[in-house]
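Visitor: Sequence and computational prediction follow.
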Amino acid sequence: MLVSTMKKFPLTGLLATVILFLFACDDSLELGLELQARDQLIRTYYTDTSSIACSVILVDTVYTNRSSYLLTGNMDDPYFGNIGAMGFSKVMRGDTAWNFLDSAKNKPILDSMFVRMRYGYAYGDTLVSQTIDVHTVASTIDTDQNYISTDQIAISSQKIASANIRKALNRTSFYVWLPLDRTFGTQLFQNLQQPNYKNVEVFENYLLGLRFSSPQSGAIYGFDPSVSVISFFYHHKPTDTSSRVFSLPLVADVSGRVSERSAWFSSIKPDFSKSAFLKTLNKTNSIRTERTGNLAHIQAGSGVMTHIEFPHLKNLQQNNKNVQINRAELVIPIADENFAKPNQFPPSYLSVYYADAQKRILRNQNGVYARVGKELQSTTALEADYNSAGNTYSTLDITSYVQSVIKGTNKGGLILSSKSNAFTVNRLLF
């Protein structure tokens, strides 16, 4: 007999799953089914959100080392509280063969100098007046260290650049031009002309790196370090009508590729004290979505992710030895609260990770987060793509995972977050 049912239950989270169970059926009453062999008859059931338990968790490690953007800024959010971000980066020596003299051996005359940051990302209220401050760091940014979001590096007391981001942004090139402090910049420019500063290690010991920050609350901005530079504009004599430019890349070598000596990361600090539901969230205390207005939360940059599990599945095989999972899909309905303010869109991609019994992301043998594949043992990661036109995510086929839970090979549940190599402060409520 073919039976299809859909039941409604109180939500434990606004995730929805549709699981199709197939198992042997004893009787055939529908017209035509009696023509099938008895061992081919199936009974079909659907189950929905009653099968899911959701918790908001705070993971202990978010890798921001060499990520897509240097994040800088502050923003307030009613659901996530205050989020602050600072970017840290080394500065590369640039072209050591550069000749600052002209053909007549005239010395350069400095005109202007800027830290030029390539704008590529903004999240929050970009209409608020915010300044970006640049300080030199007081210790080395280690090329070999895998920095995480809680890392910070001490700074020197000297602010070497500062500007209002809206006024400093060139809306054609999308570079933010931060005027360099005249005293600091002049000394740096003079040092670059000295023979010993052609030595990369001498230069890096002199300029250890930069920190980018913003004291005002409004938005968090992202800058592409691969094309960001410190630029010096100069000429050679009063009668010159043209200016030359020499740049120190933040991370690129003279060929434009990311240098092996480069290092950069973002430090992201969440403060949940002003959050509607996450005041008690910490690395050892998760919060069930029954206590968050049935809203699951994700903001990967600050470490907020959602743990999901399927409590009923462990008993399914015991109740019916012949049960087989034909298809299981995870549907992620985006809450209206995501769109209460402009310029606050959900993450572009969601990834699914394996969790352990403590609701922590499992790691593989190389120490990398273990992502769920489209099939068991698959190297193709399972991802949900965001469709901005419909404000929806693509459905996640978790059939292989559900089958493994029934067999008892996976017991820790799943963790849903944004794509690991693109951790930002985009948040999702669902």
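Guide: Nice, I can see it. Since the structure is predicted, the reported quantities are computational estimates derived from the model, not experimental observations.
Visitor: can you pull out the helices in the protein?
Guide: 165-168, 182-192, 200-206, 313-319, 399-407 (DSSP state H).
Visitor: pLDDT (mean, whole number) over the first one?
Guide: In other words, helix 165-168. The average pLDDT within helix 165-168 is 94.
Visitor: Surely Gly412 touches Lys359?
Guide: Yes - counting by Cβ atoms under 8 Å, Gly412 touches Lys359, with 7.5 Å between them. Every residue, glycine included, has its C-beta placed from N, CA and C.
Visitor: that older thread, for His307, find the nearest of the helices of the chain.
Guide: helix 399-407 (13.9 Å; Cβ to Cβ).
Visitor: quick one: low-confidence parts of the stretch 251-400 of the chain?
Guide: The stretch 251-400 of the chain contains residues with pLDDT under 70 at 314-324, 376-379.
Visitor: can you map out the strands along it?
Guide: 264-271, 287-288, 297-298, 304-309, 324-331, 349-354, 383-387, 392-393, 396-397 (DSSP state E, counting those that start in this stretch).
Visitor: export the ones you listed to JSON lines and tack on mean neighbour count?
Guide: Formatted as JSON lines, the entries for the strands of the stretch 251-400 of the chain read as follows, by neighbours: other Cβ atoms under 10 Å:
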{"stretch": "strand 264-271", "mean neighbour count": "22"}
{"stretch": "strand 287-288", "mean neighbour count": "16"}
{"stretch": "strand 297-298", "mean neighbour count": "24"}
{"stretch": "strand 304-309", "mean neighbour count": "24"}
{"stretch": "strand 324-331", "mean neighbour count": "17"}
{"stretch": "strand 349-354", "mean neighbour count": "22"}
{"stretch": "strand 383-387", "mean neighbour count": "16"}
{"stretch": "strand 392-393", "mean neighbour count": "19"}
{"stretch": "strand 396-397", "mean neighbour count": "20"}
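Visitor: Could I get the ones you listed in a markdown table, plus columns for distance to Arg118?
Guide: Listed next are those as a markdown table, based on distance: least, Cβ to Cβ, whole Å:
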| stretch | distance to Arg118 |
| --- | --- |
| strand 264-271 | 13 |
| strand 287-288 | 38 |
| strand 297-298 | 27 |
| strand 304-309 | 28 |
| strand 324-331 | 36 |
| strand 349-354 | 22 |
| strand 383-387 | 24 |
| strand 392-393 | 29 |
| strand 396-397 | 34 |
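Visitor: Tyr79 is nearest to which of those strands?
Guide: That would be strand 297-298 among the strands of the stretch 251-400 of the chain, by Cβ to Cβ, at 6.5 Å.
Visitor: Can you name every helix or strand that the closest one contacts?
Guide: If you count contacts as 3 or more Cβ pairs under 8 Å, 6 or more residues apart in numbering; DSSP states H and E, strand 297-298 packs onto strand 304-309, strand 414-418, strand 428-429.
Visitor: Kindly reformat these as a markdown table containing distance to Asp240.
Guide: Converted to a markdown table, the helices and strands packed on strand 297-298 look like this (distance: least, Cβ to Cβ, whole Å):
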| stretch | distance to Asp240 |
| --- | --- |
| strand 304-309 | 55 |
| strand 414-418 | 50 |
| strand 428-429 | 55 |
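Visitor: Of those strands, which is nearest Pro225?
Guide: strand 414-418 (19.8 Å).
Visitor: The closest one pairs with which strands, parallel or anti?
Guide: strand 304-309 (antiparallel), strand 349-354 (antiparallel) (DSSP bridges).
Visitor: which residues touch the first one?
Guide: Applying Cβ atoms under 8 Å, 6 or more residues apart in numbering, the contact partners of strand 304-309 are 13, 15, 52-59, 80, 270, 278, 281, 286, 296-298, 330, 355, 359, 361, 412-417, 427.
Visitor: of the residues you listed, buried ones?
Guide: The neighbour count (16 or more other Cβ atoms under 10 Å) marks 13, 15, 52-59, 80, 270, 278, 281, 286, 296-298, 330, 355, 359, 361, 412-417, 427 as buried among these.
Visitor: Quick check, Leu396 in contact with Tyr349.
Guide: No - using Cβ under 8 Å as the test, Leu396 is too far from Tyr349 to be in contact (11.4 Å).
Visitor: what sits in contact with each of these two?
Guide: If you check Leu396 and Tyr349 against Cβ under 8 Å, 6+ apart, the residues they both contact are Ala384.
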